[in-house]
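J.: I would like to see how this sequence folds:
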Amino acid sequence: MKAWATQNPKTAAGDLKYQDTNGDGKIDANDRVLIGSNIPHYTYGVPMSASYRNFDFSMLWQGVGHRDAFLDGALIEGPTWENFFPTYLLDSWTPENPNAKWPRFAFRSDHNQNAPGSNSWYIRDAKYLSLKTLNLGYTLPTKLTGHAGISSARVYVSGNNVYTWTGLRGLVPPEFNPNSDRATYYYQTRNWNIGTNLGF
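T.: Prediction:
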């Protein structure tokens, strides 16, 4: 610790240490630099559809690119934050686990994390690609349905929120703003449906 600039007085073993970016020997607001933004540089959606004979197929891809997330609140404070405890925080610093991946448990105000503010260690890549909808259908030949008074019959299977590729998996739902206490949001549920469209 002595080789570093003066940190928050509450700094203890297991805390993060801040870089003295302006070289004045102390850590304060003057050391702040831009480390990311949760506003995506671009968003996109790609609808696709095709048909072949009696089969039809469609899907919708959606995503955002070049976006950062800052983990905060329940995501990093462990049981000190309203008893919320993500399992990845089991690998937090303790005297018995000095090589842990995560800093020690403590309220923001009780360790170095709170001064001079956000830090790059908790920044995560928040881009994602999501297969939002997937549909596959088959229209039965009229020679099979006409004698029953059915002019058209289509059977289908469809899915919503099929899969999402993201570096935030297991942390927060990437579709939401993952900053602050956003861990209270639930992931979007995956739904599968099987049905029939009939015309008379």
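J.: what about the longest strand in the chain?
T.: In terms of residue count, the longest strand belonging to the chain (DSSP state E) is strand 152-166.
J.: quick one: name whatever helix or strand follows it.
T.: Going down the chain from strand 152-166, the next helix or strand is strand 191-199, by DSSP states H and E.
J.: strands of the chain, residue ranges please.
T.: Under DSSP E, the chain gives strands at 42-52, 55-65, 68-70, 123-125, 128-139, 152-166, 191-199.
J.: so which helix or strand of the protein has the lowest pLDDT on average?
T.: Averaged element by element with mean pLDDT, DSSP states H and E, the chain has its least confident helix or strand at helix 74-77 (a mean of 71).
J.: for it, what is the distance to the chain centroid?
T.: The chain centre lies 15 Å from the centre of helix 74-77; the measure is CA atoms, centre = their mean, to the nearest Å.
J.: and what of stretch 62-80?
T.: In this view, stretch 62-80 has its centroid 7 Å away from the chain centroid, taken as CA atoms, centre = their mean.
J.: circling back to that earlier point, the longest strand of the chain: how far from the chain's middle?
T.: Between the centre of strand 152-166 and the centre of its chain there are 22 Å (CA atoms, centre = their mean).
J.: and if you look at stretch 149-168?
T.: 23 Å.
J.: buried residues in that stretch, which are they?
T.: Residues Ala153, Ser158, Gly159, Asn160, Asn161, Val162, Thr164, Thr166, Leu168 are the ones in stretch 149-168 that count as buried (16 or more other CB atoms under 10 Å). Where you see a C-beta, it was placed from the backbone N, CA and C, and this is true even at glycine.
J.: let's see that stretch as CSV, backbone CA atoms only.
T.: Presented in CSV, the C-alpha positions along stretch 149-168 are these (Å, rounded to 0.1, in the frame of the first residue of the first chain):
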residue,chain,number,x,y,z
GLY,A,149,-64.7,-27.9,-44.6
ILE,A,150,-61.4,-26.3,-43.7
SER,A,151,-60.0,-23.9,-46.3
SER,A,152,-56.6,-23.6,-44.7
ALA,A,153,-54.7,-25.2,-41.8
ARG,A,154,-51.3,-24.2,-40.6
VAL,A,155,-49.5,-25.7,-37.7
TYR,A,156,-46.6,-23.9,-36.1
VAL,A,157,-44.1,-23.7,-33.3
SER,A,158,-42.8,-20.3,-32.1
GLY,A,159,-40.4,-19.0,-29.5
ASN,A,160,-39.9,-15.7,-27.7
ASN,A,161,-36.7,-14.6,-26.0
VAL,A,162,-35.1,-17.7,-27.4
TYR,A,163,-31.4,-17.0,-26.4
THR,A,164,-29.1,-14.0,-25.6
TRP,A,165,-25.4,-13.9,-26.1
THR,A,166,-23.8,-11.5,-23.6
GLY,A,167,-20.7,-11.1,-21.4
LEU,A,168,-23.1,-10.2,-18.5
